[in-house]
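**Q** okay, predicted coordinates and the sequence, questions at the end:
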Amino acid sequence: MKNKGLSVIIVAKNEEAKIKECLESVSWADEIILIDTGSIDRTMDIAGKFNANIYELNEGSWDLWRSYAIKKARFEWILYVDADERVTPLLRKEIETKIKKNNQSFSAFAIPRRNIILGKEMKHGGWWPDYVKRLYKREAITGWKGSLHEEPVFKGEMGHLINPLTHIKHDEMVEICENNVIRNLA
């Protein structure tokens, strides 16, 4: 064990194109918990190479999957990332510094997020800094608010980190057709 006291949680489905880089960016954590929600691609095979603890939950919703992962986590601090997000080396260092300070008054931290859409960083229109509540003490979480893009409900005070999480939102233009088929528009 790396003795940092950090569990990383990732919820994924059919993310073989992005999961490797995500896992590489959090491989320094004490444990990685991946909740697979029904992948039919190589997502779980790739995650297995990173010694991630993989759990399959095909039913449910985001709040259920996240709550389940928190129950499986063994460490004091939880970092939640999506498969299309990356923890930069500077963010890693800042997270490690924050969780080592046991006497701090914060039980959660909001992290600024750099949104990359179609290869371009979005800096205007509310895209920066896109703060997300993603780092928190496990025992502080009391539930979730919202159904999509839900946020944790927690006891205690929230701090703000300086270094951003990188979010690679879309790589190409896609269209959702009436019959729910995704078609590449490029």
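**A** Right, received. Where do you want to start? Computed from a predicted structure; not experimentally measured.

**Q** could I get the contacting residues of Asp130?
**A** Pro112, Arg113, Arg114, Asn115, His167 (Cβ atoms under 8 Å, 6 or more residues apart in numbering). C-beta: built from backbone N, CA, C; applies to glycine.

**Q** so which of those residues are in strands?
**A** Assigned to strands by DSSP state E, the following of the contacts of Asp130 qualify: Arg113, Arg114, Asn115, His167.

**Q** let's see the pLDDT reported for the first one.
**A** In this prediction, Arg113 carries a pLDDT score of 92.

**Q** ok, now which ones touch it?
**A** By Cβ under 8 Å, 6+ apart, the neighbours of Arg113 are Glu85, Pro129, Asp130, Tyr131, Val132, Pro164, Leu165, Thr166, His167.

**Q** again, 6 Å this time
**A** Asp130, Val132, Pro164, Leu165, His167 (Cβ atoms under 6 Å, 6 or more residues apart in numbering).

**Q** circling back: mind putting the contacts of Asp130 into a markdown table with distance to Lys137?
**A** Shown next, in a markdown table, are the contacts of Asp130 (distance: Cβ to Cβ, whole Å):
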| residue | distance to Lys137 |
| --- | --- |
| Pro112 | 20 |
| Arg113 | 21 |
| Arg114 | 25 |
| Asn115 | 27 |
| His167 | 23 |
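
**Q** tell me the one among the residues you listed nearest to Glu157.
**A** Checking the contacts of Asp130 against Glu157 by Cβ to Cβ gives Pro112 as the nearest, at 18.0 Å.

**Q** secondary structure class for Thr97?
**A** Following DSSP: H, G, I helix; E, B strand; the rest coil, we place Thr97 in the helix state.

**Q** give me the neighbour count for it.
**A** 10 (other Cβ atoms under 10 Å).

**Q** again with Leu6
**A** 23.

**Q** what's around Glu16, how many residues?
**A** Using other Cβ under 10 Å, Glu16 has 17 other residues around it.

**Q** just say helix, strand or coil for it.
**A** At Glu16 the chain is in coil, as set by three-state DSSP.

**Q** that one and Ser39 touch, don't they?
**A** No - at 7.7 Å, Glu16 does not count as touching Ser39 under the criterion of Cβ atoms under 6 Å.
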